[in-house]
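Asks: Need coordinates for the following:
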Amino acid sequence: MSNQPFLTDIKTIRERARKHIERGAVTEGYTADRENVISLLNAALATEIVCTLRYKRHYYMADGLSASIAKAEFLEHAQQEQQHADWLAERIVQLGGAPNFSPEGLLSRSHAEYTEGETLREMITEDLIAERIAVDSYREIANYLGEKDPTSRRIMEDILAQEEEHADDMAGLLEGLDKMQGHHG
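Replies: Numbering: from 1, shown residues only. Predicted structure coming up:
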């Protein structure tokens, strides 16, 4: 047993680092299936783009007295979903992939749907459903990545935490709408 503080001695790490410098962040210590990770991150990217677009539409379409709080949430969420898309695109490039921003096939790549909703209640409900889908699929992606790609996992976990917050916000808006309109159940 050596008294090395690292699992791999620093000399070996340095040699590996020099060997394939064109690979950027992807070193020999990277054990995940890179193509598969890029594909999963691209699906998450598509989901974030679809969610950004849906929230933007809801922001512009929501009107009426009860809509002012919802509008503020829709806008904030749209901006956060855009930020998530940026993080994902950045990570995909770090892994040597290309982020897929193509509108062609966007919906089929996305986990969430783009449902417009007519009333404020329908908009909030659709956003809540989309967030719940994102929460489940992102949790699965984070678990899949495990220790093989801690950086991508951390990005997915950061996004996941915010999506859980978004779902909570939408559930709160729905509850507020029910109270305002005197609905129970």
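Asks: And this structure, what are its domain boundaries?
Replies: Here the domain parsing of the chain from automatic domain parsing is 1-30, 32-181.
Asks: My read is that residue 131 contacts residue 173, right?
Replies: No. Using C-beta atoms under 8 Å as the test, residue 131 is too far from residue 173 to be in contact (11.6 Å). From N, CA and C alone the C-beta is placed, and that goes for glycine too.
Asks: which residues in this structure form helices?
Replies: When assigned using DSSP state H, the helices of the chain occupy the ranges 10-19, 34-61, 67-94, 106-109, 120-145, 150-181.
Asks: looking at those, which is closest to residue 100?
Replies: With C-beta to C-beta as the measure, helix 34-61 is the member of the helices of the chain nearest residue 100 (4.7 Å).
Asks: Please report the distance of residue 136 from residue 71.
Replies: With distances defined as C-beta to C-beta, to the nearest Å, the gap from residue 136 to residue 71 amounts to 27 Å.
Asks: Look at those two and report which has more neighbours.
Replies: More neighbours surround residue 71 than the other of residue 136 and residue 71, with 17 against 13 (other C-beta atoms under 10 Å).
Asks: nearest spatial neighbour of the more buried one, skipping sequence neighbours?
Replies: Taking C-beta to C-beta, 6 or more residues apart in numbering as the measure, residue 71 lies nearest to residue 62, with 4.9 Å between them; neighbours along the chain are not counted.
Asks: Hmm, the one you found is touching residue 73, no?
Replies: No. Applying C-beta under 8 Å as the test, residue 62 and residue 73 come out as separate, 9.5 Å apart.
Asks: For residue 56, see how far away residue 38 is.
Replies: Taken as C-beta to C-beta, the spacing of residue 38 relative to residue 56 amounts to 27 Å.
Asks: Thank you, goodbye.
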